[in-house]
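1. fold the following for me, if possible:
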Amino acid sequence: MLTMTAHTLEKLELLLKTAGYRVRYEKGNFKTGACLLQSSRVVVVNKFANLDSKIASVADLARTLEIDYKLLDEKQAAFLHQIKQTQLQL
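-> Next up is the predicted model:
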């Protein structure tokens, strides 16, 4: 289970950055808390969403992305594995 703290959000951002994605916080008409622009590898997060929503949205996107574990360090790989396992428990 992910803890809903600013540190967790920072870890998610760093994970995506290491995997080659940019995370941007923008205002907009989001039906969810975040979206992915596939062609440019940009994750756009609703900057007005609360912390829990931001974490949940970014984690959901991280679960679905094809991230190469070779790009990640040991801790990031374990964190990504934890995120993917969390989905299985739901």
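
2. setting aside sequence neighbours, what's the nearest residue to the residue most central in space within the chain?
-> Centrality entry for the chain: nearest residue to the mean C-alpha point is residue 58, 3.0 Å, by Cα atoms, centre = their mean. Nearest in space to residue 58, with sequence neighbours left out and distances taken as Cβ to Cβ, 6 or more residues apart in numbering, is residue 12 at 4.6 Å. Placement of C-beta: from N, CA and C, glycine included.

3. might you list the low-confidence residue ranges for this structure?
-> By pLDDT under 70, the low-scoring segments of the chain are 1, 30, 38, 87-90.

4. and the longest helix for it?
-> The helix spanning the most residues in the chain, taking DSSP state H as the definition, is helix 74-89.

5. tell me the contacts of the residue lying farthest from the centre of the chain?
-> Largest separation from the mean C-alpha position in the chain: residue 29, at 19.2 Å (Cα atoms, centre = their mean). Residues in contact with residue 29 (Cβ atoms under 8 Å, 6 or more residues apart in numbering): none are found.
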